[in-house]
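Undergrad: Structural data only, the sequence is not supplied:
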């Protein structure tokens, strides 16, 4: 009996240890021939996939993928594979001598953001509202590029319920230094922060400890990016998406085992294995989980935030957002 014909699939994603075995050959498949393109910049992946039409599958902003589905765009199939995750207490930057000393001070202030539909920003606004009582509708949000002018929204969302202005010729870094905004929320640190300029600092001075406390209390590990497959490819190649999810999961599982390896560290970081063990104690044995159920609390919270912040016009259902597991799909 002839072996089934293999399916060629092109995918673009970030250069992470937990995707390394996909492009280095450590994870293989009897069904898929994976043609992987590794891209350094998340924005580069998103634009090349959405605007450039590259690849059959790609890593995608969770906010953008959710916004598209919320407005009825069904062209992408979302897999519960999360290549990028990050706690975001450390994504709020203020002037060292400015008027913002604690999160509650942000109410009514001018706060810079690169775009509204940035996943990190969705989480930060939700965090400010739910954990610190900040009325995010009282804030004057100012959109601009972080270090380079001209950043544009990746997807249109209605913002009539919020105070949002654009500064297309400015940068958030310069506006923060000049006092034109009181704070900046950005996944990517502004240049002044990277250069350790003493005039700026993170709002949460010990943000790593704040994030660990938040993880322990809430059980939330914020999801930044999700793996998506073009629907036309999915429908033309039954089983390919599930196999792709299996491959990404295997690559991630191998990476988690490497992270915990204490004999010869796989990462050029001191105390890498100790930090991985700490993450395991806080989050669980699989501290970078894929699948809907292990991530339900994080997904449900994000969907709450998206509905509240007009990323979606109504509250989406987590079980309808993602491709169902094969056993559920055949039930």
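TA: Perfect, I can see it now. From a predicted model like this one, the values you see are computed outputs, not experimental measurements. Numbering: from 1, shown residues only.
Undergrad: CA only for contacts and neighbour counts going forward, please
TA: Will do.
Undergrad: Could you give me the buried positions within stretch 161-173?
TA: Neighbour counts over stretch 161-173 (16 or more other C-alpha atoms under 10 Å) mark 164, 166, 167, 170, 171, 172, 173 as buried.
Undergrad: quick check, nearest of these to residue 208?
TA: Taking C-alpha to C-alpha as the measure, residue 208 sits nearest to residue 173 out of these, at 22.5 Å.
Undergrad: who touches that closest one in this structure?
TA: 146, 147, 184, 190, 191, 192 (C-alpha atoms under 8 Å, 6 or more residues apart in numbering).
Undergrad: how many other residues sit next to the fifth one?
TA: As a burial measure, the neighbour count of residue 191 was computed by other C-alpha atoms under 10 Å and equals 14.
Undergrad: quick one: residue 318 and residue 298 touch, right?
TA: No: using C-alpha atoms under 8 Å, residue 318 is not in contact with residue 298, being 10.3 Å away.
Undergrad: quick one, which of these two is more surrounded?
TA: residue 298 (18 against 14).
Undergrad: ok, and the closest non-adjacent residue to the residue nearest to the spatial centre of the chain?
TA: For the chain, residue 224 is the residue whose C-alpha lies nearest the centre (C-alpha atoms, centre = their mean; 1.2 Å). Ranked by C-alpha to C-alpha, 6 or more residues apart in numbering and with sequence neighbours excluded, the top spatial neighbour of residue 224 is residue 85, at 4.8 Å.
Undergrad: Give me the contacts around the helix or strand hosting residue 44.
TA: According to DSSP states H and E, residue 44 maps onto helix 42-50. With contact meaning C-alpha under 8 Å, 6+ apart, helix 42-50 is reached by 12, 13, 14, 39, 54, 55, 58, 59, 60, 61.
Undergrad: pLDDT averaged over that helix - what is it?
TA: Across helix 42-50, pLDDT averages out at 95.
Undergrad: Now do the helix or strand following that helix: which elements does it pack against?
TA: Later in the chain than helix 42-50, the nearest helix or strand by DSSP H and E is strand 57-61. Counting by 3 or more C-alpha pairs under 8 Å, 6 or more residues apart in numbering; DSSP states H and E, the packing neighbours recorded for strand 57-61 are strand 7-14, helix 42-50, strand 225-230.
Undergrad: okay, those, which one's buried deepest?
TA: Of all the helices and strands packed on strand 57-61, strand 225-230 carries the top mean neighbour count, a mean of 24, counting by mean count of other C-alpha atoms under 10 Å.
Undergrad: average pLDDT across it?
TA: Strand 225-230 comes out at a mean pLDDT of 98.
Undergrad: Outline the domain layout of this structure.
TA: The chain breaks down by automatic domain parsing into domains covering 7-85+223-324, 89-218.
Undergrad: measure the last one end to end?
TA: What it means is domain 89-218. 14 Å (C-alpha to C-alpha, to the nearest Å).
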